[in-house]
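S.K.: Have a look at this fold, sequence not included:
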Ligand SMILES: [Zn+2]
Ligand SMILES: [Zn+2]
């Protein structure tokens, strides 16, 4: 089948929206008609070659939702017509990490994802001249259709508009998992969120739902701080000066119990560290370019401070995504509110440019407007 898709031919060059060929789903795969896709900061890192070489040519896009069009012979959990969100780690459920419950670290998913293939190590995508194309993070959803591993198709309730659902599978599951699975924030614990973009705002929402207080939002951009307030931040601090950490420490008493870094920069990782109290912990959610290092004052390990990483919510995303959809339907989680632009697939480069400039929060690409639930 020939479809339109956004292709990265070379890092640091604009994507080209063009016709590509897509092969039918194999036994344990699903063909999905893509309704909507979110544009995430990781797309910029990938497109700018910051995650390493050899990541092109590739059909981009890793956050989205759509409707099942066809399923392979071994697939039983979804049928054509079902609404699904995409999960970028389609855990095999048999490897040693999956057996230990660390589904986000699934060994084959971790091996094939960065290679740009599906779970059997091959691609279903090619240019019309036969050149194979990589699948971005097993998802490749900046496209009219995509073939994904069966476990990457997570069934969602039809009542949830697909343009809202499109945000669940990367930004939202990453943010909520950092709060619930990694930091395990409890009510009345204090927290600071450094970076209030698409993911950071959902970290704020997850903290509000966890009952954290106070919740201090930190960003350079006053407009993003207002969005953070609307999502439950009790205090906001405009960053960019030498006093940022001291102001957060003052607002939280002796420093926050928890800090979340949602930028992916060594300075903001250090800032998150400086905002926590003795015995507090910082979680790095932001994705830094390959090769970047971070430095910390080593003497402070003596005060029992901790810092740790997280990946994709560090839990069972396939199980967490439907729970988050239920929260959204219950009115607890505002998905549409973080969307600052809705664009066509053709406007993908403008959306990436806005992220490079820090303008706006989330762009949703409405690949099939009526299917996405947009007028
Ligand atoms: Zn993402
Ligand atoms: Zn596994």
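M.R.: Ah, there it is. Note that the structure is a prediction, hence the values are computed from the model and not measured. Ligands and ions are numbered 1, 2, ... in the order given.

S.K.: Pull the distance from the lengthiest strand in the chain to the chain's centre.
M.R.: Taking DSSP state E as the criterion, the chain has its longest strand at strand 29-39. Distance, stretch centre to chain centre, for strand 29-39: 15 Å (Cα atoms, centre = their mean, to the nearest Å).

S.K.: Would you give the sheet partners of it, along with the direction of each?
M.R.: Each strand paired with strand 29-39, and its direction, by DSSP bridges: strand 63-71 (antiparallel), strand 145-149 (antiparallel), strand 362-366 (antiparallel).

S.K.: Walking through the stretch 251-375 of the chain, point out its helices one by one.
M.R.: For the stretch 251-375 of the chain, the helices defined by DSSP state H, counting those that start in this stretch occupy 266-275, 317-329, 348-357, 369-372.

S.K.: that older thread, using TSV, lay out the strands paired with strand 29-39 together with distance to ligand 1, mean neighbour count and mean pLDDT.
M.R.: Any C-beta I mention is one placed from the backbone N, CA and C, and that applies to glycine too. Below are the strands paired with strand 29-39 laid out as TSV (distance: least, Cβ to the ion, whole Å; neighbours: other Cβ atoms under 10 Å; pLDDT from 0 to 100):
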stretch	distance to ligand 1	mean neighbour count	mean pLDDT
strand 63-71	5	25	98
strand 145-149	15	27	98
strand 362-366	10	26	96
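
S.K.: Ok, which of those comes nearest residue 82?
M.R.: Nearest of the strands paired with strand 29-39 to residue 82, taken as Cβ to Cβ: strand 63-71 at 4.6 Å.

S.K.: so what secondary structure elements neighbour the helix or strand just after the closest one?
M.R.: Downstream of strand 63-71, the first helix or strand assigned by DSSP states H and E is strand 83-86. If you count contacts as 3 or more Cβ pairs under 8 Å, 6 or more residues apart in numbering; DSSP states H and E, strand 83-86 packs onto strand 29-39, strand 63-71, strand 153-155, helix 162-165.

S.K.: returning to that earlier point: now check the longest strand of the chain, is it near ligand 1?
M.R.: No. Judged by Cβ under 5 Å from the ion, strand 29-39 and ligand 1 are separated, with a smallest distance of 7.4 Å.

S.K.: got the contact list for residue 93?
M.R.: Contacts for residue 93 (Cβ atoms under 8 Å, 6 or more residues apart in numbering) come out as 103, 106, 151.

S.K.: Look up which helix or strand it falls in, please.
M.R.: Going by DSSP H and E, residue 93 is not in any helix or strand.

S.K.: Is it possible to get CSV of the helices of the stretch 251-375 of the chain that adds mean neighbour count?
M.R.: Listed next are the helices of the stretch 251-375 of the chain as CSV, based on neighbours: other Cβ atoms under 10 Å:
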stretch, mean neighbour count
helix 266-275, 22
helix 317-329, 20
helix 348-357, 17
helix 369-372, 17
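
S.K.: quick one: stretch 247-264 to chain centroid distance?
M.R.: Its chain's average C-alpha position is 22 Å from that of stretch 247-264, according to Cα atoms, centre = their mean.

S.K.: Tell me the buried residues in that stretch?
M.R.: Buried positions in stretch 247-264, judged by neighbour count with 16 or more other Cβ atoms under 10 Å: 247-249, 251-252, 255-264.
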